[in-house]
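> I would like the atomic coordinates for the input below:
(one chain, ligands or ions: 1)
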Amino acid sequence: MALTVGLRPLTRALLRPWARVPGAALGRPAAGSGDGVRCFGSPRVLVEPDPAAVGVAVMKMRNPPVNSLSLEFLTELLISLEKLENDKTFRGIIITSDCPGIFSAGLDLLEMYGRDPAHCAEYWKAVQELWLRVYLSNLVVIGAINGISPAGGCLLSLSCDYRVLANNPKYAIGLNETLLGIIAPFWFKDVLVNTIGHRAAERALQLGFLFPPSDALQVGIVDQVVPEDQVQSTARSVMAQWLAIPDHARQLTKNLVRKPTADRLLQQRDADIQNFVRFISRDSIQKSLHVYLEKLKQKKG
Ligand SMILES: CCCCC/C=C\C/C=C\CC/C=C/CC(=O)SCCNC(=O)CCNC(=O)[C@H](O)C(C)(C)COP(=O)(O)OP(=O)(O)OC[C@H]1O[C@@H](n2cnc3c(N)ncnc32)[C@H](O)[C@@H]1OP(=O)(O)O
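Numbering: from 1, shown residues only. All right, here's what the predicted structure looks like:
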C-alpha cells in the first residue's frame, strides 16, 4: 500500500524533482548577491566565501553537540546548498564542521525512534534529497573532515568529490549501521562500493567498520590524511587543483560517473521511502534503536 507522504510547507517548498543537467540554466535568482559580501547565514549552517580563494565557499556545520542530521538541520543544509548552487559566483564548496571533534554523528536517531510513519517518510525524503544534492552538485565539493563521521556522516563525506581527514585516531569514518541493528540502504552501499570496491565494502558494511585515519586512507574511504591543523589549508590546495579544470568538462564527467548511481535511487524514491518506513517501524528495529540510544546515555556514566 502506498504511503501518504505529508510534507510540512518548508520541506515541501524545498524538495523538488531532480532533473539537474550539468551546465543547465538553473532559473533562480543569485542568492546573496549585490552587497559584495555573500554570507548565507542560518542557525545551524554557516556559509562564508573563502577570503583566500575566489569562487570558493566554506560551509561549516554547527548543530551541537554532534551535528546529527535532524530534519531541521537537513533542511537548512539543503537551503544553503541550493543557494550556493544557484549563485554563479561560486564554483566550489568546502564542507567542514564547527563542532569540535565531530564532523557529523550521522542521521538523527531521534527522527527515527518513536516517530509516526508520516514523520519517518518526511524525514527520509529529506535524507534522500541531501544526498542527491551533494552527490550530483555541479560545484566542486571537498570534505574537510575534522571529526568523527559515522553512518550518515560518512555518507555525506563519501558524496564529496574529495575527502581530507584530520589525523586523529578518534576521527573514525565508516558505515556502522549494523552496529545499531539497522542496515545501510542500497544507495549508501552503492556509494561505498564505488569508493572502496566490492570486497572491502562487503566486509566494512557487514562488520560496521569505523576506520581510524590510517586504515581509512589505506582502504581508500578518504583521499588524504593530514595533521589536524592542516585540514582546511589542504582542502583549499586541493580545491585549487580541481578548479583548474574547466567547469563544463569537469561537471559533465562527474555526471557521467555519478548519474547511474543516483538514478538507481531516482527511479524508486517513493518505494525507497516506503521500505524505510516499513523497516524502521518494526518493533524489533525500534527496540534496537532504543538499546543503542540507552548505550549512548550510559556512556556518559
Ligand atoms: C529489508 C528492507 C530494508 C529496507 C531498508 C531501508 C532503509 C534502511 C533503514 C535504515 C537506515 C537508517 C540509516 C541510518 C544512518 C545513520 O546515520 S544512523 C546514526 C549513526 N550514528 C552513530 O552511530 C553515532 C552515535 N553517536 C556516537 O557514537 C557519539 O555520540 C559520538 C558521535 C562519537 C560523540 O560522542 P561524544 O561523547 O562526544 O557525545 P555523546 O555520545 O555524549 O553525545 C552527545 C549527545 O548527542 C546524542 N547523539 C549522539 N549521536 C546522535 C545521533 N546520531 N542522533 C541523535 N542523537 C545523537 C547523544 O545521545 C547525546 O545526547 P544527550 O545524552 O541527550 O546529551
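> Quick check: end-to-end length of stretch 102-113?
22 Å (Cα to Cα, to the nearest Å).
> I would like the residues contacting it, please.
For stretch 102-113, contacts defined as Cβ atoms under 8 Å, 6 or more residues apart in numbering pick out 61, 65-71, 73, 96-97, 119-120, 123, 127, 143, 145-157, 171, 173, 180, 280, 286, 289-290, 292-293. (Each C-beta comes from the backbone N, C-alpha and C, glycine too.)
> Show me which residues of the strand or helix carrying S233 are buried.
Element membership for S233, per DSSP states H and E: helix 231-243. Using 16 or more other Cβ atoms under 10 Å as the test for burial, helix 231-243 gives 231-232, 234-236, 238-239, 242-243.
> Could you point out the member of those residues that lies closest to W187?
The closest of the buried residues of helix 231-243 to W187 turns out to be W242 (Cβ to Cβ; 24.1 Å).
> what's the closest residue to the closest one other than its chain neighbours sitting at in phi/psi?
In space, and not counting its chain neighbours, W242 is closest to V140: 4.4 Å by Cβ to Cβ, 6 or more residues apart in numbering. Phi and psi for V140, reported as degrees, to the nearest 10, are phi -70, psi 130.
> these two touch, right, V140 and R91?
Yes. With contacts counted by Cβ atoms under 8 Å, V140 reaches R91, the gap being 6.5 Å.
> where do the contact lists of these two overlap?
By Cβ under 8 Å, 6+ apart, the residues touching both V140 and R91 are L243.
> who has more neighbours, these two?
With neighbours defined as other Cβ atoms under 10 Å, V140 and R91 compare such that V140 has more, 26 against 19.
> Report the contact partners of that one.
V140 neighbours (Cβ under 8 Å, 6+ apart): 91-93, 161, 239, 242-243, 250.
> again, only this time at 10 Å
When contacts are counted by Cβ atoms under 10 Å, 6 or more residues apart in numbering, V140 touches 55-56, 90-94, 160-162, 238-243, 245, 247, 250-251, 254.
> Let's see which of these end up in strands.
56, 92-94, 162 (DSSP state E).
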